[in-house]
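> attaching a predicted model along with its sequence, questions to come.
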Amino acid sequence: MESIDFSHLFQGISTLLTSDPVIIFSRIFLMLLGMLLVYLGKKGVLEPLLMIPMGLGMAAINAGVLFMPDGTQGNLFVDPLITDPNQLVDVLQIDFLQPIYTFTFSNGLIACFVFMGIGVLLDVSYVLQRPFLSMFLALCGELGTFLTIPIAMLFGLTLREGASIAMVGGADGPMVLFTSLSLAKHLFVPITVVAYLYLGLTYGGYPYLIRLMVPKRLRGIDMAAINKEKNKHKKKPRPISSGEKLAFAVVVCTILCLLFPVAAPLFFSLFLGVAIRESGLKHVIDFVSGPLLYGSTLFLGLLLGVLCEAHLILDPKILLLLVLGIISLLLSGIGGILGGYIMYFITGGKFNPVIGIAAVSCVPTTAKVAQKEVSKVNPSAMILPEAIGANISGVITTAIIAGIYITLIPFFK
Amino acid sequence: MGNVLMYTLLMAGITFAIGFFVAFVIKIVFSTIQRMMRAQTEEFKTGIIRVRHISKIRKQNNVSDIGTVRISKNLSNRNNYTASKVYTNDLVEYYYGKH
């Protein structure tokens, strides 16, 4: 009987033992982090839809490393660094997630699919009822998206890298993916992972920011009661028809595509979702809001997980990106609440400043967080319509900013 | 660094301008459609009221057509009408005035 080479029999362990100590540590750390993400997803601390496939992918990719025929270490999941077309054709037939990565992830298609799904879930009537208020709050909620650029450059990042990580402040995963793919392709994996990790944290972190910045007395302001009082002598506002919402989607989509052709796929995807919803195409609505959205989210999470391979993610900039990501989200949250305060003072105290936090898009998480915090202080208070309006405007403004960054930054030296 | 701050301010300015432009477009599109729909609704409402009123008149007078109709023999006898036709347009004119 031929002698068995155990190092080749258990390649996962032998690749771990023969690696550089830094890689050994990173692989073990990432495996444990993956398990932690699955646990936190299951517990509901982080978004389970994304964190469970991402965590599992992260653990599996760092465990399943093997020796390739040329003696190097690799895996059978995906190889994101391939650029040679011939090699790509070979890898497409070997790595099982390579087709999804090449044909949907690296060109931003998966981000557009998620955006279409978000579009189908959006009810734009809240924006139509108060366009200026919603847009003003949304613009304030982008504070982090702007201020993080100079901060990132102070830490030594380039303008393109700084703009990509600053997009985390827009709190829209697909947008961060799309922008970093266009501006800093070499960092798009860590930036997108950081973005999704933090987006999962908004649900847990923003309530503390609200409690810190808005006193209880103001948190309990009931917008429904204020609106009732305001409209006492007016006719009850007519519900907005689907035709009006469809017209809104068509007009705004066309204008934004005209202004920013580079980000046109994003605008188109979002407003296509809105148009499908308002056209009442039941089967298409069911398809986009169900299989397409959830399928894309699953593969997005899975791909983000398997892209967290130790060799790939071991970049000295990662720690910096982690810090900048949280700064960006924090500044956006602060900006949103400050916008809420400005409205509070403009209206003479007839506005709940907590609504401002909902302007940090992340549909519909931040709107839910805002309502939850208000309900804790005043259970009968209702701010959800205003919060959702700001929330949807947040998505639109983040898409506008993505368009501006992708279009203008390549011209800045 | 000065350049970066300038670029950031420029991009923020453009975002604010476009954001408010979008809000303005929404307001314009929305209010135009709303106005059109309100006008249509008003017309529709007036029309419906008118049609209902006419049918009521027609029912009261036992008339079954909107144009000219023959009056049933019984009604003609009961009312002692000499003419055998009732013009609905006259009825409408009687109630709503000349248009």
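Noted; the coordinates are in hand.
> any weak-confidence spans in chain B?
B:34, B:37-43, B:61-99 (pLDDT under 70).
> distance of A:Gly280 from chain B?
Separation of A:Gly280 from chain B (Cβ to the nearest Cβ, to the nearest Å) stands at 18 Å. C-beta here means a position set from N, CA and C on the backbone, and glycine is covered the same way.
> surely that residue meets A:Ser242?
Yes - if you go by Cβ atoms under 8 Å, A:Gly280 and A:Ser242 touch, sitting 6.6 Å apart.
> looking at these two, which one has more neighbours?
Counting neighbours by other Cβ atoms under 10 Å in any protein chain shown for A:Gly280 and for A:Ser242 shows that A:Ser242 has the greater number, 13 against 10.
> which residue packs closest to that one, ignoring adjacent ones?
A:Glu278 (4.4 Å; Cβ to Cβ, 6 or more residues apart in numbering or on different chains).
> okay, and that neighbour sits in which element?
helix A:264-279 (DSSP states H and E).
> repeat for A:Leu201
Under the assignment here (DSSP H and E), A:Leu201 is part of helix A:188-213.
> helix or strand right after that helix?
Defined by DSSP H and E, the subsequent element after helix A:188-213 is helix A:216-219.
> before we move on, back to that, now do the contacts for the residue nearest to A:Ser242.
A:242-243, A:245-246, A:249 (Cβ atoms under 8 Å, 6 or more residues apart in numbering or on different chains).
> need the residues of chain B near chain A, please.
Residues of chain B that fall close to chain A, judged by Cβ under 8 Å from any Cβ of the partner chain: B:1, B:3-5, B:7-8, B:10-12, B:14-16, B:18-27, B:29-30, B:33-34, B:37.
> swap the cut-off to 6 Å and go again
For chain B, the contact set with chain A under Cβ under 6 Å from any Cβ of the partner chain comprises B:4-5, B:7-8, B:11-12, B:14-16, B:18-19, B:22-23, B:26-27, B:29-30, B:33.
> filter those to the buried ones?
B:4, B:7-8, B:11-12, B:14-16, B:18-19, B:22-23, B:26, B:29-30, B:33 (16 or more other Cβ atoms under 10 Å in any protein chain shown).
> which one of those residues is nearest to A:Asn231?
Distance to A:Asn231 across those (Cβ to Cβ) is lowest for B:Phe30, with 17.7 Å.
> I'd say that closest one and A:Leu128 touch.
Yes - counting by Cβ atoms under 6 Å, B:Phe30 does reach A:Leu128; the two are 5.1 Å apart.
> and the longest helix seen in chain B, what does it pack onto?
In chain B, with assignment by DSSP state H, the single longest helix is helix B:2-60. Packing partners of helix B:2-60 (3 or more Cβ pairs under 6 Å, 6 or more residues apart in numbering or on different chains; DSSP states H and E): helix A:131-140, helix A:143-154, helix A:242-259, helix A:384-408.
> A:Lys42: which of the ones you listed is closest?
Of those, nearest to A:Lys42 by Cβ to Cβ is helix A:384-408, at 26.5 Å.
> who's in contact with that closest one?
Helix A:384-408 has contacts (Cβ atoms under 6 Å, 6 or more residues apart in numbering or on different chains) with A:122, A:126-127, A:130, A:134-135, A:137-139, A:141-142, A:145, A:163, A:170, A:172, A:175, A:179, A:182, A:223, A:260, A:262-263, A:266-267, A:355, A:358-359, A:361, A:363, A:367, A:370-371, B:11, B:14-15, B:18-19.
> and the pLDDT at the closest residue to B:Met11 other than its chain neighbours?
In space, and not counting its chain neighbours, B:Met11 is closest to A:Ile404: 5.3 Å by Cβ to Cβ, 6+ apart. At A:Ile404, the model reports a pLDDT of 90.
> can you count the residues close to A:Ile404?
With neighbours defined by other Cβ under 10 Å, the count for A:Ile404 comes to 21.
> give me the neighbour count for A:Leu128.
Neighbour count for A:Leu128, taken as other Cβ under 10 Å: 23.
> returning to what we had before: mind checking the helices and strands packed on helix B:2-60 for the one nearest to A:Asp84?
Ranking those by proximity to A:Asp84 (Cβ to Cβ) places helix A:384-408 first, at 26.5 Å.
> how's the chain carved up into domains?
You didn't say which chain, so I picked chain A. Chain A breaks down into these structural domains: A:1-67, A:109-231+A:241-411 (assignment by automatic domain parsing).
> my bad, chain B
Listed by automatic domain parsing, the domain ranges of chain B are B:1-60, B:62-99.
> so which strand or helix has the closest residue to A:Leu209 other than its chain neighbours?
Leaving aside its chain neighbours, A:Leu209 sits nearest to A:Gly333 (4.9 Å; criterion: Cβ to Cβ, 6+ apart). Assigned by DSSP H and E, A:Gly333 belongs to helix A:317-346.
> flag every buried residue along that helix.
Within helix A:317-346, the residues that qualify as buried by neighbour count (16+ other Cβ under 10 Å) are A:317-318, A:320-322, A:324-344.
> swap in stretch A:194-210?
Judged by neighbour count using 16+ other Cβ under 10 Å, the buried positions of stretch A:194-210 are A:194-203, A:206-207, A:209-210.
> CA atoms only: put that stretch into PDB for me.
Taking Å, rounded to 0.1, in the frame of the first residue of the first chain, the C-alpha atoms of stretch A:194-210 are listed here in PDB:
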ATOM      1  CA  VAL A 194     -17.400  47.300   6.100                       C
ATOM      2  CA  ALA A 195     -20.500  49.000   4.700                       C
ATOM      3  CA  TYR A 196     -22.700  45.900   5.100                       C
ATOM      4  CA  LEU A 197     -21.300  45.200   8.600                       C
ATOM      5  CA  TYR A 198     -22.100  48.800   9.700                       C
ATOM      6  CA  LEU A 199     -25.500  48.900   8.000                       C
ATOM      7  CA  GLY A 200     -26.400  45.900  10.100                       C
ATOM      8  CA  LEU A 201     -25.300  47.900  13.200                       C
ATOM      9  CA  THR A 202     -27.500  50.900  12.500                       C
ATOM     10  CA  TYR A 203     -30.400  49.100  14.100                       C
ATOM     11  CA  GLY A 204     -28.500  48.700  17.300                       C
ATOM     12  CA  GLY A 205     -26.400  51.900  17.300                       C
ATOM     13  CA  TYR A 206     -28.700  54.700  16.200                       C
ATOM     14  CA  PRO A 207     -31.100  54.500  19.100                       C
ATOM     15  CA  TYR A 208     -28.300  55.500  21.400                       C
ATOM     16  CA  LEU A 209     -27.400  58.500  19.200                       C
ATOM     17  CA  ILE A 210     -31.100  59.500  19.200                       C
END
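> who's in contact with the nearest residue to A:Arg219 once chain neighbours are set aside?
Leaving aside its chain neighbours, A:Arg219 sits nearest to A:Val377 (4.5 Å; criterion: Cβ to Cβ, 6+ apart). Residues in contact with A:Val377 (Cβ under 6 Å, 6+ apart) are A:216, A:219-220.
> and which of these is nearest to A:Pro190?
Looking across the contacts of A:Val377 and measuring by Cβ to Cβ, the closest to A:Pro190 is A:Arg219, at 36.2 Å.
> now do the closest one against B:Ile33, distance only.
36 Å (Cβ to Cβ, to the nearest Å).
> could you do A:Gln11 as well?
Taking Cβ to Cβ, one finds A:Gln11 at 65 Å from B:Ile33.
> A:Asn86 too?
Distance, A:Asn86 to B:Ile33, using Cβ to Cβ: 55 Å.
> pLDDT score for A:Lys230?
Looking at A:Lys230, its pLDDT is 75.
> how about A:Ala359, nearest residue that isn't a chain neighbour?
Nearest residue to A:Ala359 in three dimensions, chain neighbours excluded: A:Gly141, at 3.1 Å (Cβ to Cβ, 6+ apart).
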